[in-house]
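[1] Build me a model:
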Amino acid sequence: PKATAMNKLGDVNEQGDGGFRVRLRGKASPPLFGGEFNDVFFSVSYETDSGLRLQVAPADVKLERRPLAQRKSTSEKTRKYTVSYSERGETFGVVVARRDNGKVLFDTRLPGTTLAEQFLQISTRIASENVFGLGGAGSKTTLKNDLNWRVTSFFTEKAPNDESNSHSGAHAFYMLVEEDGRAHGVFLNTSYPMDVLMQPSMATFRTIGGILDFHLVLGESPEDVIRQFTELIGRPTFPPLWALGPHLALKGNNISPNAALSLVQKLKTRVSEMSAVYLNWGYTGVENAAAHSRLAKEMKAVREQLKTTDVRLYLRADPIVLLQDSSRNEDKSFLLTNSNRSQSTVGDIGFIDFTNEKAVEFWKTRCSLLQDSIGFDGLVLELNEPSYPTQVNQTLGRCPDNKWNRPPYTVGKKKNMFDNSICGHAMQDGGTHYSLHNMYGYHHSEATWRSVELQGARKKRKTGNPEQFHVFGIRTICWTLASRAGVQLGKS
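    Predicted coordinates for the structure are as follows:
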């Protein structure tokens with residue numbers, strides 16, 4: 001979309017070795033999206049010798065900071081980059097370059113910058129065509145990104161009846177390998193849905209709320225970039241050895257625990273190794289296994305049998321509460337329901353708001369109950385895009401027409417973004433679901449980790465924590481999809 005230029009207003013506020021801040025004013029023009037920000041600050045923070053942060057935020061709005069590791073300031077003498085900006089009278093832009101060779105890595109002196117309440121857009125030139133990253137592999141057949149006007153959308157969702165088209169994660173990070181073999185990474189830190197348009201010489205970021213909050217890291221190699229990036233966002237947890245072995249997933253709801261055990265025993269006689277089994281039971285959109293004594297007893301017996309053959313057990317822990325389940329007198333004030341849709345559903349369910357501390361305590365109790373009634377070695381977390389189960393989705397009505405459910409710009413060209421999820425205007429303890437949709441899986445994972453870590457300490461178990469893995473989806477066996485699976489394994 002056509003946008004207005006941002007011009008510098010007043011002097012630059014230097015902050016020594018910490019960076020600088022510039023106040024910008026937009027030229028007067030007809031509104032494009034409504035709620036335009038015409039008075040903003042562009043802030044640059046020098047965080048390490050090879051890392052910096054660039055933020056664009058309204059001058060009069062205090063916006064929340066997303067969970068990210070704090071970093072220390074650095075010295076001008078040792079920084080590996082330079083930062084410059086356009087002078088008064090020009091369209092404002094910031095340029096980040098390598099100090100030793102002047103190679104430009106990030107350059108926003110391009111038209112099209114738009115800053116509004118529900119649409120923010122900025123573009124940067126890219127230093128080469130060797131771009132990697134940006135979301136899951138999807139339909140890619142190579143690790144290298146397609147720069148031919150390709151849009152990657154970051155809106156977590158589970159496509160109904162199509163696992164291969166689901167999007168379980170939203171992490172806008174790309175790494176660019178420069179011509180001399182060195183590399184740098186660019187990360188847009190936001191919880192809002194977004195699109196990234198890759199072109200032969202530039203990248204355009206579009207998000208539907210919040211602020212523009214970029215982190216750049218410069219490395220001597222691709223490995224160095226990844227090391228710095230994981231230092232920024234947090235290192236992955238190293239899984240136990242058994243979690244790296246062969247796993248068997250039995251996902252059908254019509255498979256009884258005893259039938260599953262029989263199948264596992266048969267397979268054990270034909271394969272040399274089996275580390276773990278995933279049963280599609282636990283807390284799901286259709287069943288609360290811990291609340292049904294007969295089912296729990298059968299599953300506990302299966303668990304004991306598996307332990308004798310050194311096979312671990314995964315259970316399922318969806319972030320859902322069955323509203324009609326009267327087996328427990330549970331507080332449901334922290335549940336996000338679909339009661340405000342245009343029609344009711346069969347088998348109403350509520351999603352747990354993990355930004356509410358009461359919900360976290362409730363989840364600890366549920367995980368403890370599942371461990372005590374059945375027992376498990378790991379938990380599989382599903383439907384935390386969040387997405388309604390298929391049998392519920394088929395009866396869902398539409399979300400009400402308002403600016404949160406029908407924003408002026410829709411990510412991924414989806415007309416009704418939230419129709420298979422929690423409505424965008426639903427209020428969570430941490431804010432609107434519109435602003436927290438892409439963070440739901442993170443909050444679910446964090447609450448589960450805290451819950452099972454507590455049980456591990458209480459029971460003094462060595463492998464009591466749930467292990468999270470990126471799931472690529474169910475694949476039809478053919479050469480094309482097999483090649484894509486190889487690419488996905490390379491990215492994981």
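[2] At which residues are the helices of the protein located?
    Here the chain has its helices, by DSSP state H, at 222-233, 257-268, 293-308, 357-373, 390-393, 433-436, 440-459, 479-491.
[3] what does the third one rub up against?
    The set of residues external to helix 293-308 that reach it, using C-beta atoms under 8 Å, 6 or more residues apart in numbering, is 256-258, 260-261, 264, 277, 279, 281, 287, 289-290, 312-313, 315, 373-376. Every residue, glycine included, has its C-beta placed from N, CA and C.
[4] swap in the second one?
    Here helix 257-268 makes contact (C-beta under 8 Å, 6+ apart) with 248, 250, 255, 274, 277, 279, 281, 295, 298-299, 301-302, 305-306, 309, 311.
[5] State the pair within these that is farthest apart.
    Within the contacts of helix 257-268, two members stand farthest from each other by C-beta to C-beta: M274 and L295, at 23.4 Å.
[6] From what I see, L436 and F354 are in contact.
    No - assessed by C-beta atoms under 8 Å, L436 is found out of contact with F354, at 9.6 Å.
[7] residues shared between the contacts of those two?
    Going by C-beta under 8 Å, 6+ apart, residues that sit against L436 and also against F354 are H443.
[8] quick one, which of those two is more surrounded?
    When L436 and F354 are compared for neighbours, F354 comes out ahead with 27 against 23, by other C-beta atoms under 10 Å.
[9] contacting residues around the more buried one?
    Neighbouring residues of F354 by C-beta under 8 Å, 6+ apart: P319, V360, W363, Y440, H443, H444, E446, A447.
[10] Any stretches of the stretch 351-492 of the chain with poor pLDDT?
    391-396, 455-492 (pLDDT under 70).
[11] and the contacts of helix 257-268, which are buried?
    248, 250, 274, 277, 279, 281, 295, 298-299, 302, 305-306, 311 (16 or more other C-beta atoms under 10 Å).
[12] Just put these in JSON lines and tack on pLDDT.
    Below are the buried ones among the contacts of helix 257-268 laid out as JSON lines (pLDDT from 0 to 100):
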{"residue": "L248", "pLDDT": "87"}
{"residue": "L250", "pLDDT": "84"}
{"residue": "M274", "pLDDT": "87"}
{"residue": "V277", "pLDDT": "91"}
{"residue": "L279", "pLDDT": "86"}
{"residue": "W281", "pLDDT": "82"}
{"residue": "L295", "pLDDT": "84"}
{"residue": "E298", "pLDDT": "89"}
{"residue": "M299", "pLDDT": "90"}
{"residue": "V302", "pLDDT": "92"}
{"residue": "Q305", "pLDDT": "93"}
{"residue": "L306", "pLDDT": "92"}
{"residue": "V311", "pLDDT": "92"}
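[13] JSON lines please, covering those and showing distance to Y388.
    Formatted as JSON lines, the buried ones among the contacts of helix 257-268 follow (distance: C-beta to C-beta, whole Å):
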{"residue": "L248", "distance to Y388": "27"}
{"residue": "L250", "distance to Y388": "23"}
{"residue": "M274", "distance to Y388": "33"}
{"residue": "V277", "distance to Y388": "27"}
{"residue": "L279", "distance to Y388": "22"}
{"residue": "W281", "distance to Y388": "19"}
{"residue": "L295", "distance to Y388": "23"}
{"residue": "E298", "distance to Y388": "28"}
{"residue": "M299", "distance to Y388": "25"}
{"residue": "V302", "distance to Y388": "29"}
{"residue": "Q305", "distance to Y388": "34"}
{"residue": "L306", "distance to Y388": "31"}
{"residue": "V311", "distance to Y388": "32"}
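[14] And these, which is closest to G209?
    Proximity of these to G209 (C-beta to C-beta) peaks at W281, which lies at 37.9 Å.
[15] State the distance from that closest one to S256.
    Computed as C-beta to C-beta, to the nearest Å, the W281 to S256 distance reads 10 Å.
[16] Equivalent analysis for Q428, please.
    37 Å.
[17] Check S373 too.
    Distance, S373 to S256, using C-beta to C-beta: 17 Å.
[18] cool, and T207?
    Using C-beta to C-beta, we find T207 at a distance of 46 Å from S256.
[19] of those two, who's got more company?
    T207 (25 against 16).
[20] just so I have it, where are all the strands in the stretch 201-350 of the chain?
    For the stretch 201-350 of the chain, strands defined by DSSP state E, counting those that start in this stretch occupy the ranges 202-207, 212-219, 247-250, 276-283, 312-317, 320-322, 335-337, 349-352.
[21] Convert the third one to PDB, retaining C-alpha atoms only.
    Read it as strand 247-250. Extracted in PDB, the C-alpha atoms of strand 247-250 (Å, rounded to 0.1, in the frame of the first residue of the first chain):
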ATOM      1  CA  HIS A 247       8.700 -43.000  18.500                       C
ATOM      2  CA  LEU A 248       5.400 -44.600  17.600                       C
ATOM      3  CA  ALA A 249       2.300 -42.300  17.500                       C
ATOM      4  CA  LEU A 250      -1.100 -43.900  17.700                       C
END
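[22] That one pairs with which strands, parallel or anti?
    Note on strand 247-250: by DSSP bridges, its sheet partners are strand 276-283 (parallel).
[23] that older thread, so for K144, which of the helices of the chain sits nearest?
    Nearest to K144 among these is helix 479-491 (9.8 Å), distances taken as C-beta to C-beta.
[24] Which segments of this protein make up each domain?
    6-233, 241-467 (automatic domain parsing).
[25] By mean pLDDT, show me the worst of those.
    Sorting these by mean pLDDT places domain 241-467 lowest, at a mean of 81.
[26] how far out from the middle of the chain is it?
    Relative to the centre of its chain, domain 241-467 is centred 17 Å away, using C-alpha atoms, centre = their mean, to the nearest Å.
[27] same deal with stretch 231-244?
    Relative to its chain's centre, stretch 231-244 lies at 17 Å (C-alpha atoms, centre = their mean).
[28] Could you work out the end-to-end span of that stretch for me?
    Criterion C-alpha to C-alpha, to the nearest Å; first-to-last residue distance in stretch 231-244 is 24 Å.
[29] Determine the set of other helices and strands touching the lengthiest strand in the chain.
    In the chain, with assignment by DSSP state E, the single longest strand is strand 39-48. Packing partners of strand 39-48 (3 or more C-beta pairs under 8 Å, 6 or more residues apart in numbering; DSSP states H and E): strand 19-26, strand 51-58, strand 81-85.
[30] Indicate which one of those is closest to R227.
    In this view, the helices and strands packed on strand 39-48 are compared for proximity to R227 by C-beta to C-beta, and strand 51-58 is the closest at 11.3 Å.
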